[in-house]
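Asker: my questions concern the predicted model and sequence given below.
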Amino acid sequence: MGEGSRLVEGARAYRLIAGMWVRSTMAYRASFVMTTFGNFAATFFDFVAIMLMFSRVDALGGYALPEVAFLYGLSAVSFGLADLVIGSMDRLGRRVRDGTLDTLLVRPAPVLAQVAADRFALRRLGRVTQGSLVLGWSLTRVDIDWTALKLLLMPVMVVSGCGIFCAVFVAGAAFQFVAQDASEVQNAFTYGGTTLLQYPPTVFAKELVRGVTFVLPLAFVNWLPAAYVLGRPYPLGLPGWVAFASPLVAVGCCALAGLAWRAGLRSYRSTGS
Amino acid sequence: MPDSEFIALEKVEKVFEVRRKTGFLKRERRQVRAVDSISFTVARGEMVGYIGPNGAGKSTTIKMLTGILTPSAGRLRVAGIDPSRERTRLAHRIGVVFGQRTTLWWDLPLIDSYRLAHRMYRIPDARYRENLDRCVELLELGDLLDVPVRQLSLGQRMRGDIAAALLHDPEVLYLDEPTIGLDVVSKAKVRGFLKELNAERATTVLLTTHDLQDIEQLCSRVMVIDHGRLVYDGALAGLHEAGEGERTLVVDLERELPPIEVPSCRVVRVEGPRQWLAFPAGQSAAPLVASIAAAYPLVDLSVREPDIEAVIAKMYAEKAVS
């Protein structure tokens, strides 16, 4: 089977399984409404904390509240979408431990798609909604000199950011083939990563910024492209074109994560558990 | 691929590397040979019992046959396919039932799991309807289709799982402990169904079990694996002889009596009017019963089959001695 048809097969299996999960959650309608609201509320208070901070200071690392909200919204929407699509991949370790991964391996569909669709939950739209609201609000307040290029960069940023976070999810899951109780390590990079990106790069130590630019390139989710849109100096004195490198970085990350996944699955199938 | 070698294993090995904690951050590596150079063939339409104590390598073998695990060495083919290389292609041709874990959707009506299989396996509509109707009828699932799986009893769920594994017309069916935890009625239903499936569709069946009756009622051939090696391959009757297993005759007498004396039997236990007599598994119980009834006031009796674990343990112990 070629890579293309594997992708089509995977998307089809994903759609089928995600649909089953949506129907499963609808079996408990009240619970669904409550958890969706809870998801929204939790992230809402997250932003309230930032607003409270700004009642004491006027700027954070040189960024005013609307600008921080801009970063926050971009990070939250990108991450929220990735979380919605494949957020349950951190359960892989448990599936490896209790052996239920085997039941997925005997089905005629790519395992990655099946694991990605595992526990697909629409309640995760709560975070996307909240992120979109914050982003929308920030756009009414920030002073941006809009150009066609900047407008185009907005959706590109969200999609690339989602891709980069997806890659982190997949790589984290691949790691769990080796270390089955590493879901917390993965959460540190995913949930931790999005929290980090909600603040301007200027408040962090240079080493950390370097790390999330060159090692785990989360900076391409929002920091670098947003610096261009907001007309801010780039962190680390990077050249201007890096603002447009996000799609490439996302594709590269996904490819690497795909390789890591393949290696992880191969090691599972040759060692068992 | 000839039909006689529908499933073929040739010197298949599976070696696991086990890392054990021996201190803070220290790990000791050790190799465990879970399957040690196993060779056998299964013909199309055969029904084979695959038994052995826990940790003998049964599941590892099944996992290699389904493509979940890659063998460390040797050659393995199922329906002419190398399972680990063409896992998804093989998936269309095999059905797998894991007795201990369900593949059904917990919160959804049973029928939903079948609808998913219909689409995921791309089963032609007419074929799907036909197979589903058949399973529903034979496994008595009619009233259960609209019930959420979480509300089904263990026996009902197992029947549901078996149906789910068969909707895509698999040529091979692997069953891992299909009757574990089921009551007598459910066991009988499952066995009856498997028998019919094998007779009508010539589906090749490989089942692992701890229940000797599963094997007795279903399988003409049994393979015993222990410590990763095939220690027996043949008819069930031969297994008893090979293992010198004993069956037990439990007799209830009218009153308490000293241990009764019957040739080729020995009393192993006495409890009030009830006595336990052991006799060679290869021997028929009928003449024993007759001679006991003739000489003693017999009220009731039953025959107990030897515990499969005991038979195998004994077999292995003997091998070690000789």
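Answerer: Sure, I can see it.

Asker: looking at chain B, which residue is nearest chain A?
Answerer: residue B:91 (3.8 Å; C-beta to the nearest C-beta). To be clear about C-beta, it is placed using only N, CA and C from the backbone, and glycine gets the same treatment.

Asker: distance of the residue nearest to residue A:66 when sequence neighbours are not counted from residue B:52?
Answerer: Leaving aside its sequence neighbours, residue A:66 sits nearest to residue A:141 (C-beta to C-beta, 6 or more residues apart in numbering or on different chains; 3.6 Å). Distance of residue A:141 to residue B:52, given as C-beta to C-beta, to the nearest Å: 71 Å.

Asker: try residue A:190
Answerer: 43 Å.

Asker: ok, these two, which is more surrounded?
Answerer: Using other C-beta atoms under 10 Å in any protein chain shown, the more surrounded residue of residue A:190 and residue B:52 is residue B:52, with 26 against 21.

Asker: which helix or strand contains the residue nearest to the more buried one when sequence neighbours are not counted?
Answerer: Of all residues not flanking residue B:52 in the chain, residue B:225 sits nearest, at 4.0 Å (C-beta to C-beta, 6+ apart). Element membership for residue B:225, per DSSP states H and E: strand B:221-226.

Asker: returning to what we had before: could you count how many residues lie near the residue nearest to residue B:52?
Answerer: A count of nearby residues for residue B:225, using other C-beta under 10 Å, gives 25.

Asker: for the helix or strand where residue A:256 lies, buried residues please.
Answerer: Residue A:256 is part of helix A:246-271 when elements are defined by DSSP H and E. With burial defined by 16 or more other C-beta atoms under 10 Å in any protein chain shown, the residues of helix A:246-271 counted as buried are A:246-247, A:249-250, A:252-254, A:257-258, A:260-261, A:264-265, A:268-271.

Asker: what are the phi and psi values at residue B:33?
Answerer: Per-residue torsions, residue B:33: phi -90, psi 90 (degrees, to the nearest 10).

Asker: wouldn't it be in contact with residue B:17 here?
Answerer: No: assessed by C-beta atoms under 8 Å, residue B:33 is found out of contact with residue B:17, at 10.9 Å.

Asker: between these two, which one's more packed in?
Answerer: Shown here are residue B:33 and residue B:17; by other C-beta under 10 Å, residue B:33 has more neighbours (15 against 10).

Asker: mind listing what that one touches?
Answerer: Counting by C-beta atoms under 8 Å, 6 or more residues apart in numbering or on different chains, residue B:33 touches B:13-15, B:228.

Asker: that one and residue B:84: what is the separation?
Answerer: According to C-beta to C-beta, residue B:33 and residue B:84 sit 18 Å apart.

Asker: how about residue B:96?
Answerer: From residue B:96 across to residue B:84, the span is 15 Å (C-beta to C-beta).

Asker: likewise for residue B:247?
Answerer: Distance of residue B:247 to residue B:84, computed by C-beta to C-beta: 41 Å.

Asker: so what does residue B:98 have for phi and psi?
Answerer: With angles defined as degrees, to the nearest 10, residue B:98 sits at phi -90, psi 110.

Asker: hmm, it is touching residue A:105, no?
Answerer: No: applying C-beta under 8 Å, one finds residue B:98 not in contact with residue A:105, separated by 11.2 Å.

Asker: in a strand, that's where residue B:74 is, yeah?
Answerer: Yes: according to DSSP: H, G, I helix; E, B strand; the rest coil, the state of residue B:74 is that of a strand.

Asker: how about the contacts made by it?
Answerer: Neighbour list for residue B:74: B:9-13, B:37-39 [criterion: C-beta under 8 Å, 6+ apart].

Asker: mind checking which of those residues are buried?
Answerer: When the contacts of residue B:74 are checked for burial by 16+ other C-beta under 10 Å, the buried set is B:9, B:12-13, B:38.

Asker: ok, residue B:96 and residue B:84, which is more surrounded?
Answerer: Counted by other C-beta under 10 Å, residue B:96 and residue B:84 do not tie: residue B:96 has more neighbours, with 25 against 20.

Asker: which is the next helix or strand following the strand or helix carrying that one?
Answerer: Element membership for residue B:96 (DSSP H and E) is strand B:94-98. Once the chain leaves strand B:94-98, the next helix or strand it forms, by DSSP H and E, is helix B:110-120.

Asker: does the helix or strand following that next one reach chain A?
Answerer: For helix B:110-120, the following helix or strand on the C-terminal side (DSSP H and E) is helix B:125-138. No: using C-beta under 8 Å from any C-beta of the partner chain, helix B:125-138 stays clear of chain A, with a minimum separation of 14.7 Å.

Asker: what does helix B:125-138 contact?
Answerer: Outside helix B:125-138, the residues touching it (C-beta under 8 Å, 6+ apart) are B:114, B:118, B:123, B:141-142, B:145, B:162-163, B:166-169, B:192-193, B:196.
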